[in-house]
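*Asks:* test case, fold it:
(2 chains)
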Amino acid sequence: MPRFCKAYGLTIESDIALPELLAAAHEGGPADITISRGPVRVPAVGQVKQISPFIWVGEDAFWLHVPGVARFSVVGASKITIDPEPGVDEASIRVFLLGSVLGAVLFQRGFLLLHGNAVEVDGGCVICIGPSGVGKSTLAAGFLQRGYRMLADDVVPIDADCAAVPGFPRLKIWQDAAEKMAINTTAQTRVRPDMNKFNLMTRDNFSDARLPVRWIYILSSENRDGFEVQPIHGMHRFAPLRENTYRRRLMEGMALQPEHLKRCGELASKVRLTRLVRPKTGFDIDGLVDTILADIRTAG
Amino acid sequence: MGGIYWLASYPKSGNTWFRTFLQNLMSVADTPTDINKLNTGSIASSRNWIDDVIGFDTSDLRQDEIESLRPHVYRWMCRGDGVAYHKIHDAYTHTGEGRPLVDDIATLGALYIIRNPLDVAPSYAGHRNCSIDDAIGSMGDPRHALARSQKALPDQLLQFVGTWSQHVISWVDAERLNVKVIRYEDMHATPDRTFGSAADFLGLDTDTERRRRAIDFSSFDIVAGQEARSGFRERPPQAERFFRKGVAGDWRESLTDAQVTRIIADHGIVMSRFGYLDAAMQPV
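*Replies:* Here you go, the predicted model:
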């Protein structure tokens, strides 16, 4: 039974339930994206290019195999097919569907994708980018606890006007971070069975309009005491955006690099870009949120 | 043909020292390499490296799934002709499918660096900011692993290490693995010969003078001096410093008789095999 929902400003008609997304009314006409179950076979070598042990790309198509979970294909930035492996649960399928697979759709649709989290501040958007494990989701949860609204977790699409596109109201958070922030996880679903990582639903704190990106913080951790805030100027602004592109290898494999570089350059010229270093130990989430807000107030 | 040489060791056995040598050997600069810019290839368990190659997040995968994927990643990385050097602390193990974790097609060989466990113990204790007895306990724990957290996201993947003895045996006796063993103690006592034979093994055809300069540039005084001045990004936050003493035989000052006895009881067989005990099973 198809279900209608939306994410990243796109309507989705899906054969499988997507409880993480916001429901959408069916207004007639085809949805932007259809998701159905069916056989997925990667075409023979020669017709497609393999860009990772588990990813293949064609002219307007993309295939991903997550061993033990499912094979996915995306055709024409609109048609997603899922071929689940025997015995796999739907939550496990959704993790990769809503991550790399939707990411491929967004690349095909021409967005610049940053690996980070987007939060609304003063009618603009602040994005924190950085490698996995540096604390981006924890930081986003910190903003939510202060009453700020989030636009996107993990993947932040940027449109041609350098505005951030809202994703869907879900934040993935590890049990450790939840405990530190006194977030009760018993009411939350696990991202996958047997994993201590939870879906924090953020419907009440979700900003569903595109917002101009005004500040980008590149988060890292070092052996040090206290935070360090370091604005990045001039030509040094370009590389961090490129390095923190979501699934850069995928984007490059899809031959989107020239457009991507251009868009990184445009974004770099329009936002305030700041390096933000936190101590490796004793993650002071409140302190980090305060540091960012203070920097925003000072810089304007 | 391209592929990967693994720089394998139990933690605190001279791996970073060797990587510093390697980086200096490959550098044409006439000053020592900055320890904060060691660029000899990602550690095998780097989450960012693996995530980048597979195209989805290991943080969304179970441990058994990650383990199954890792050989695919290493094989993918050596499609071309390039030779790469990657540090690894995992024991030499096989995945659930029976495939070597360090894929056999990808692997050109492994340089295994071994250090007297009597000296590893106090160094490992400093590294983890735990007591020496706890470090000895970990070194004798068949389930010992690095980055084991299940509730948060370490920047490295879980690395199964096992006991110190298991770790050594897993690598040096691995079937069909091209392996060369060097001893930390020989890196001190006979640096020219030890580093030189390692460079030969790794296919680094460099002249003696260049090798000697690389050895000098990676001396303890230089790397510890760099750490004292500008810190070392690979230092675990809980450790006071990464480069502690850089000597062989320090256990005589730092271990009690009971601790020495316990380590010999746990690892005597392997210690004897690599010349750390005499015929009477006493430390040499």
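
*Asks:* for the stretch 51-200 of chain B, which segments count as helices?
*Replies:* B:63-77, B:117-128, B:132-139, B:164-172, B:184-189, B:191-201 (DSSP state H, counting those that start in this stretch).

*Asks:* element containing the residue minimising distance to the centre of chain A, please.
*Replies:* The residue lying closest to the centre of chain A (Cα atoms, centre = their mean) is A:V155, at 1.4 Å. Taking DSSP states H and E as the criterion, A:V155 maps to strand A:149-158.

*Asks:* same question, A:G110
*Replies:* A:G110 belongs to no helix or strand, assigned by DSSP H and E.

*Asks:* that older thread, right, and the helices of the stretch 51-200 of chain B - which one's nearest chain A?
*Replies:* Of all the helices of the stretch 51-200 of chain B, helix B:63-77 sits nearest to chain A, with 4.0 Å by Cβ to the nearest Cβ. In short, each C-beta sits where N, CA and C put it, glycine included.

*Asks:* pull the number of nearby residues for B:M139.
*Replies:* 24 (other Cβ atoms under 10 Å in any protein chain shown).

*Asks:* my guess is it meets B:T163, correct?
*Replies:* Yes: in this structure B:M139 lies within contact range of B:T163 using Cβ atoms under 8 Å: 6.4 Å.

*Asks:* common neighbours of those two, please.
*Replies:* B:D266, B:H267 (Cβ atoms under 8 Å, 6 or more residues apart in numbering or on different chains).

*Asks:* ok so, going back, tell me the contacts of the residue nearest to the centre of chain A?
*Replies:* If a contact means Cβ under 8 Å, 6+ apart, then A:V155 has A:G99, A:L102, A:G103, A:L106, A:L113, A:L114, A:H115, A:G167, A:Y246 as its contacts.

*Asks:* so how far is A:L112 from the third one?
*Replies:* In this structure, A:G103 and A:L112 are 12 Å apart, going by Cβ to Cβ, to the nearest Å.

*Asks:* within range of chain B, give me the residues from the stretch 51-200 of chain A.
*Replies:* A:51-55, A:64, A:66-68, A:95-96, A:99-100, A:131-134, A:174-177, A:179, A:191-192, A:194-197 (Cβ under 8 Å from any Cβ of the partner chain).

*Asks:* quick one: low-confidence parts of the chain?
*Replies:* Let's take chain A. Regions of chain A meeting the criterion pLDDT under 70 cover residues A:1-2.

*Asks:* switch to chain B, please.
*Replies:* B:1.

*Asks:* how about the residues of it near chain A?
*Replies:* So chain B meets chain A at B:47-48, B:51-57, B:59-60, B:62, B:65, B:68-69, B:72-73, B:75-76, B:149-155, B:231, B:233, B:235, B:237-238 (Cβ under 8 Å from any Cβ).

*Asks:* hang on, the earlier thing: want to throw the helices of the stretch 51-200 of chain B into CSV with distance to B:S272?
*Replies:* Converted to CSV, the helices of the stretch 51-200 of chain B look like this (distance: least, Cβ to Cβ, whole Å):
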stretch, distance to B:S272
helix B:63-77, 32
helix B:117-128, 12
helix B:132-139, 17
helix B:164-172, 11
helix B:184-189, 15
helix B:191-201, 20
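
*Asks:* now, the residues of the stretch 51-200 of chain A next to chain B that are in helices?
*Replies:* Judged by DSSP state H, these include A:V95, A:F96, A:Q175, A:D176, A:A177, A:E179 as members of helices.

*Asks:* I'd say the fifth one and A:A140 touch.
*Replies:* Which is A:A177. No: if you go by Cβ under 8 Å, A:A177 and A:A140 don't touch, sitting 10.2 Å apart.

*Asks:* higher neighbour count, the two?
*Replies:* A:A140 (28 against 23).

*Asks:* distance check, that one against chain B.
*Replies:* 14 Å (Cβ to the nearest Cβ, to the nearest Å).

*Asks:* pretty sure that residue belongs to a helix, no?
*Replies:* Yes: counting by DSSP: H, G, I helix; E, B strand; the rest coil, A:A140 falls inside a helix.

*Asks:* show me what contacts it?
*Replies:* Counting by Cβ under 8 Å, 6+ apart, A:A140 has contacts A:N117, A:V119, A:C128, A:M150, A:D153, A:L171.

*Asks:* report the contact partners of the third one.
*Replies:* For A:C128, the set of contacting residues under the criterion of Cβ under 8 Å, 6+ apart consists of A:G116, A:N117, A:V119, A:K136, A:L139, A:A140, A:I216, A:Y217, A:I218, A:L219, A:L276, A:I292.

*Asks:* got a markdown table for those, with secondary structure too?
*Replies:* Formatted as a markdown table, the contacts of A:C128 follow (three-state DSSP):
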| residue | secondary structure |
| --- | --- |
| A:G116 | strand |
| A:N117 | strand |
| A:V119 | strand |
| A:K136 | helix |
| A:L139 | helix |
| A:A140 | helix |
| A:I216 | strand |
| A:Y217 | strand |
| A:I218 | strand |
| A:L219 | strand |
| A:L276 | strand |
| A:I292 | helix |
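
*Asks:* any idea which of those residues is closest to chain B?
*Replies:* A:K136 (10.3 Å).

*Asks:* surely A:T185 meets A:Q175?
*Replies:* Yes: with contact defined as Cβ under 8 Å, A:T185 reaches A:Q175; the gap is 6.1 Å.

*Asks:* what is in contact with these two at once?
*Replies:* Going by Cβ under 8 Å, 6+ apart, residues that sit against A:T185 and also against A:Q175 are A:F198.

*Asks:* picking that back up, any of the contacts of A:C128 buried? List them.
*Replies:* The neighbour count (16 or more other Cβ atoms under 10 Å in any protein chain shown) marks A:G116, A:N117, A:V119, A:K136, A:L139, A:A140, A:I216, A:Y217, A:I218, A:L219, A:L276, A:I292 as buried among the contacts of A:C128.

*Asks:* what's around B:I35, how many residues?
*Replies:* 25.

*Asks:* confirm for me that it is in contact with B:F232.
*Replies:* Yes: between B:I35 and B:F232 there is a contact at 5.6 Å, judged by Cβ under 8 Å.

*Asks:* now do the shared contacts for those two.
*Replies:* With Cβ under 8 Å, 6+ apart, B:I35 and B:F232 have common neighbours B:Q226.

*Asks:* wait, does the helix or strand containing A:E252 make contact with chain B?
*Replies:* Secondary structure from DSSP H and E places A:E252 in helix A:248-253. Yes: using Cβ under 8 Å from any Cβ, helix A:248-253 reaches chain B at A:R248, A:R249, A:L250.

*Asks:* for that helix, name the packing helices and strands.
*Replies:* Contacts defined by 3 or more Cβ pairs under 8 Å, 6 or more residues apart in numbering or on different chains; DSSP states H and E place helix A:248-253 against strand A:49-52, strand A:55-57, helix A:102-108, helix B:47-54.

*Asks:* which one of those lies closest to B:S218?
*Replies:* helix B:47-54 (23.8 Å; Cβ to Cβ).

*Asks:* buried ones in the closest one?
*Replies:* Neighbour counts over helix B:47-54 (16+ other Cβ under 10 Å) mark B:R47, B:W49, B:I50, B:D51, B:D52, B:V53, B:I54 as buried.

*Asks:* do I have it right that the fifth one meets A:M251?
*Replies:* No: B:D52 is not in contact with A:M251 according to Cβ under 8 Å; the separation is 11.7 Å.

*Asks:* nearest residue to residue 26 in space, please, no chain neighbours.
*Replies:* No chain specified, so I'll use chain A. A:F4 (4.7 Å; Cβ to Cβ, 6 or more residues apart in numbering or on different chains).

*Asks:* not what I meant, chain B
*Replies:* With Cβ to Cβ, 6+ apart, the residue lying closest to B:M26 is B:L204, at 7.5 Å.
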